[in-house]
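**Student:** When you get a sec, could you give me coordinates for this:
(one chain, ligands or ions: 1)
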Amino acid sequence: MPCRIEAAPPAKAPRSCGPLSAPLAWIADALERLSRAGLERPLRVRDGRQGGVVGLNGRQLFNAGSNDYLGYAGDVRLTKAASKAACAEGFGAGASPLISGHSRSHDLLERAVAGLLDVPAAVTFASGFAANSATIAALVGQDDRIYSDERNHASIIDGCRLSRAQVHVYPHRDVTALDTLLAAAPAAGRRLVVTDTLFSMDGTITPLADIAEVASRHAAMLMVDEAHATGVFGPRGSGLVEEAGCADGVHVRTGTLSKALGAAGGFVAGHDDLIRWLRHAARGWLFSTAPPPAVAAAATRAIGLVGEEPSRRDDLRHRADAFRARLTSAGLDLGGAAGQIVPVVAGPAAAAVALSARLADAGFFVPAIRPPSVPQGRSLVRASLSWLHTESDLERLADAIVTCLR
Ligand SMILES: Cc1ncc(COP(=O)(O)O)c(C=O)c1O
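**Tutor:** Sure, this is the predicted structure:
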């Protein structure tokens, strides 16, 4: 019998709270400004698992709002792997990795990540966010320079800030601009080029082979974040580095275990010495309790499934191609999206919220994405596709988007 989480007991009347004490009063003003700008974000409560259909705030909706690209987040094979590890190793890791938190399950996971990416070593973090931010700060410091795509994920942006290096932001996917910036760099100091491979908001893909060529010509380290590409791209499912055939030109590969792999956590993979260094310098790994071994075991099982079930990524990519083609043939501009993340730009935040609400009324959950996740004036609804959606499901979704836009 499937396990159920009991619904919360009927809510007591919330304790009435008076005005915030004076030093916190600015928060009420800031919230009021967010609300007036239409930027306050709702927190939805999900009932049950992620799936092709999802229960949100008591409604069952077509689910185009998860990163569960391969349908593994609710897969019982991951649950079983997690239960087995929890029985053997307990639930909590109990310590940071270097003290005593690095269990057998963590060790197996790091070997599995390195195997998937076909590199000598890997280190895993509690989240993809921690992997990116801690790694950047471990690779460069205040005498160094970072070259970062303007649409990189927040975890990369925060890592750049944390590092105190000089940050040069180049226009989205603009290799010529990157080349020009690197050519103007002084000889002293390290250089780090950093980019997402599949961009999470735009669904665009970075021109990896060209970026690698420019980075190499200017003796820069190249770090790429494969968060949304892991499991989905590449003949073996390791991501876009594999698909572009430029593993030799990419020095630092990061990703998450929380999206297509359906578990949680982040990773960095590459040369042995890189990983050894991160185990001494990546503060988000050193000074944080290791995630539960059960989570590591579930992620390891998912990596195994990526190897055993290549048809999931093939199906997903074919269906995503057909979905995008259906939208573009209806006249929509998808801004160069090329994978399973498909944005429909609505412009102002209110327009994106209204479009998302119309879609929800029609039975489709396609979340609105607003600043600060996207620049002002570029709010969108973002359809994230999953292997759990059939071709005809996606035809219905595309038709609903077209109808709701009219
Ligand atoms: C491009 C990118 N990198 C990193 C992350 C962070 O990953 P995690 O959710 O595992 O912290 C995300 C998450 O949304 C992302 O979109």
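
**Student:** Can you pull up the residues of the chain that come close to the ligand?
**Tutor:** 127-129, 132, 153, 155, 196, 200, 225, 227-228, 256, 258, 266 (Cβ under 6 Å from any ligand atom). For glycine as for every other residue, the C-beta is placed from the backbone atoms N, C-alpha and C.

**Student:** Burial check on Q376, number of neighbours?
**Tutor:** Using other Cβ atoms under 10 Å, Q376 has 12 other residues around it.

**Student:** Hmm, I typed the wrong one, I wanted R253.
**Tutor:** With other Cβ under 10 Å as criterion, R253 counts 27.

**Student:** Kindly state the beta-bridge partners for it.
**Tutor:** V224, A269 (DSSP bridges).

**Student:** wait, it sits on L274?
**Tutor:** No: when contacts are counted by Cβ atoms under 8 Å, R253 is not listed as touching L274 (9.7 Å).

**Student:** Between the two, which contacts overlap?
**Tutor:** Taking Cβ atoms under 8 Å, 6 or more residues apart in numbering as the criterion, R253 and L274 both touch V268.

**Student:** tell me the contacts of the residue in the chain positioned nearest to the ligand?
**Tutor:** When distances are taken as Cβ to the nearest ligand atom, the chain approaches the ligand most closely through G128, which lies 2.4 Å from it. In this structure, G128 makes contact with S155, D225, A227, T254, G255, T256, L257, S258, K259, G265, G266, judged by Cβ under 8 Å, 6+ apart.

**Student:** what's the neighbour count on the fourth one?
**Tutor:** Neighbour count of T254, defined by other Cβ under 10 Å: 29.

**Student:** quick one, what contacts it?
**Tutor:** T254 touches 128, 131-132, 135, 223-227, 266-269, counting by Cβ under 8 Å, 6+ apart.

**Student:** Kindly report the same for the third one.
**Tutor:** Contacts of A227 were listed using Cβ under 8 Å, 6+ apart, and they are G128, H153, D196, L198, S200, T254, G255, T256, K259, G266.

**Student:** try it again with 7 Å
**Tutor:** Applying Cβ atoms under 7 Å, 6 or more residues apart in numbering to A227 gives the contacts G128, H153, S200, G255, T256, K259.

**Student:** just checking, which of those residues belong to helices?
**Tutor:** Secondary structure assignment by DSSP state H places G128 of those in helices.

**Student:** Using the three-state scheme, assign L380.
**Tutor:** The three-state label given to L380 by DSSP: H, G, I helix; E, B strand; the rest coil is strand.

**Student:** partners of it in the sheet?
**Tutor:** Taking DSSP bridges, one obtains V345, I369 as the residues bridged to L380.

**Student:** Could you report the neighbour count for it?
**Tutor:** Counted with other Cβ under 10 Å, the neighbours of L380 add up to 27.
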